[in-house]
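K.L.:
Got a sequence here, can you build the structure:
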Amino acid sequence: MLRIYKTREHLIAVPPNGDAVSISLALDELFAAENPCALAAAAAASGKPALVPPLPSAPIQSQEVWAAGVTYFRSRTARMAESKDSGGGTFYDKVYSAERPELFFKSTPHRVAGPGEPVRLRRDSKWNVPEPELTLAINSRGRIFGYTIGNDMSSRDIEGENPLYLPQAKVYDQSAALGPCLLLSDDPLPHDTEISIEILRGGQVAFSGSTAISQIKRPLPSLAEFLFRDNSFPNGCFLMTGTGVVPGDEFTLKGGDAIHITIKAIGTLVNPVA
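P.N.:
Numbering: from 1, shown residues only. Below you'll find the model as predicted:
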């Protein structure tokens, strides 16, 4: 496993039990490579000593960000509850058990917040939550070669009013965050890998929760395969894999909150709420 951090000047690679080095590669080159892990390892072997900054940039260059929905039972339950008044709850129940997953466009690079950068709440929404998600890095050939942490910000009242409002509930400036690094690995993460979240308000924990990727209903390669059906990504893409941690219906984010999402193998992604 090799960790890749992005700075304004270059990429920094951190090998397992090794020192950080700067490498002469761009993220777009990695995502276009047939074997990104081998390419990054070769670049790291001839890299120059470097320091990982405390706040690296989001590990994205030209990639689109997509997302999968209702991949956890908890997400299915929450979506059904928030849309019960609109009559849309059955859609979420059906997609949870269907062969075809729910996939939707989430973000272009300029809308993505990096570590320490703020995520935003929609001005026309009153019920907003973060969604902590394991996020897949997929190369231009549809191969999963790495992982990062994603925050799929969501306006629950807008999507709950009508499922067709999903793009407005999900896609807006700084509605997504990625980081702190890109973990490259030819092997899948262990099934017991935990995803945890803690939301601080005034220095106190306002919400916390955790899940494991073993709770994802669908195989991760299957999500990637459906995304690449009749769809091309010359610069590769990111795919958020859904959330298994949803705060209770009484909770909504507020400006000034701080969102901490941790996946041990990757690190912790911290974003304030604007």
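K.L.:
C-alpha from now on. contacts and neighbour counts both.
P.N.:
Fine.
K.L.:
Check the contact between T108 and Q61; I expect there is one.
P.N.:
No: applying C-alpha atoms under 8 Å as the test, T108 and Q61 come out as separate, 9.6 Å apart.
K.L.:
Of these two, give the one with the bigger neighbour count.
P.N.:
Between T108 and Q61, T108 has the larger neighbour count (other C-alpha atoms under 10 Å), namely 20 against 17.
K.L.:
For the more buried one, give its distance to V129.
P.N.:
Counting by C-alpha to C-alpha, to the nearest Å, the separation of T108 from V129 is 20 Å.
K.L.:
how many other residues sit next to P101?
P.N.:
For P101, the neighbour count with other C-alpha under 10 Å is 18.
K.L.:
contacting residues around it?
P.N.:
Taking C-alpha atoms under 8 Å, 6 or more residues apart in numbering, we find P101 in contact with A68, G69, T71, V95, L223, F226.
K.L.:
how close does it get to M240?
P.N.:
From P101 across to M240, the span is 13 Å (C-alpha to C-alpha).
K.L.:
Give me the common contacts of the two.
P.N.:
Counting by C-alpha under 8 Å, 6+ apart, the common neighbours of P101 and M240 are A68.
K.L.:
which stretches of the chain have low pLDDT?
P.N.:
For the chain, applying pLDDT under 70 flags the ranges 78-79, 86, 89.
K.L.:
Report the residue ranges of every domain in it.
P.N.:
Using automatic domain parsing, the domain parsing of the chain gives 2-49, 64-272.
K.L.:
Please, where are all the helices along the chain?
P.N.:
Ranges of helices in the chain, per DSSP state H, are 27-32, 36-45, 73-82, 89-97, 156-161, 166-170, 220-227.
K.L.:
Redo the ones you listed as TSV? Include mean neighbour count.
P.N.:
Output for these, formatted as TSV (neighbours: other C-alpha atoms under 10 Å):
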stretch	mean neighbour count
helix 27-32	21
helix 36-45	18
helix 73-82	19
helix 89-97	17
helix 156-161	21
helix 166-170	18
helix 220-227	17
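K.L.:
Which among those helices is found nearest to P15?
P.N.:
Counting by C-alpha to C-alpha, P15 lies closest to helix 36-45 out of those; the figure is 7.8 Å.
K.L.:
Which residues does that closest one contact?
P.N.:
Residues from elsewhere that reach helix 36-45 (C-alpha under 8 Å, 6+ apart): 2, 13, 15, 21-25, 30, 33, 139, 145, 184-186.
K.L.:
and those, which are buried?
P.N.:
Neighbour counting with 16 or more other C-alpha atoms under 10 Å marks L2, A13, P15, V21, S22, I23, L30, A33, N139, F145, L184, S185 as buried within those.
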